[in-house]
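Colleague: can't give you the sequence, but here's the structure:
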């Protein structure tokens, strides 16, 4: 399957089916377009459609930082010097921490940030303990489902 035909190669033909297309514009048109300003998810460090990479040696607090950011964004709150202008949906994906340790850390962080975990609609967690088949090792091609 070619990347250019990935959608049409996987969707069976149906009369009247509208296949989404990419919009391309010439550079002159693009430069003159009035586009909305980029929104901030966590100001000033995380814009919409942006990334954060937290790197540090083991045991420094990357998980505490990431969970704190997740809670701040989900609640429309603040963490460190950063503020989430509005609550947003967050999916936190963890690949190694035991579920009970995650529960303890989330409860501890939420208390410190005065975040009510009883209103959980914006924060969802994926953790290995909740998965029916965790025999997959994401460090291998088979474990990533890349056959």
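Modeller: Cool, the structure landed. Not measured: the values here are computed from a predicted model.

Colleague: From here on, just use CA atoms for contacts and neighbour counts.
Modeller: OK.

Colleague: Check the secondary structure at the residue nearest the centre of the chain for me.
Modeller: With distances taken as CA atoms, centre = their mean, the residue of the chain nearest its centroid is residue 91 (5.3 Å). Each residue gets one of three states, and residue 91 gets strand by DSSP: H, G, I helix; E, B strand; the rest coil.

Colleague: Check the one 5 residues further on too.
Modeller: Taken by three-state DSSP, the conformation at residue 96 corresponds to coil.

Colleague: Please shift the residue numbers so they start at 376 in all later answers.
Modeller: Renumbered: residue one is now 376, and that last one reads residue 471.

Colleague: The residue nearest to the centre of the chain pairs with what?
Modeller: Counting by DSSP bridges, residue 466 is bridged to residue 499.

Colleague: Which residues are in contact with it?
Modeller: 498-501 (CA atoms under 8 Å, 6 or more residues apart in numbering).

Colleague: Distance of it relative to residue 449?
Modeller: As judged by CA to CA, to the nearest Å, residue 466 and residue 449 stand 9 Å apart.

Colleague: shared neighbours, these two?
Modeller: Each of residue 498 lies in contact with both residue 466 and residue 449 under the rule CA under 8 Å, 6+ apart.

Colleague: Centre of the chain to stretch 449-466, how far?
Modeller: Here the centre of stretch 449-466 is set off from its chain's centre by 13 Å, with CA atoms, centre = their mean, to the nearest Å.

Colleague: and what of stretch 410-422?
Modeller: How far stretch 410-422 lies from its chain's middle: 15 Å, per CA atoms, centre = their mean.

Colleague: again with stretch 445-453
Modeller: Chain-centre distance of stretch 445-453: 13 Å, with CA atoms, centre = their mean.

Colleague: Give me the buried stretch members for it, please.
Modeller: 445-453 (16 or more other CA atoms under 10 Å).
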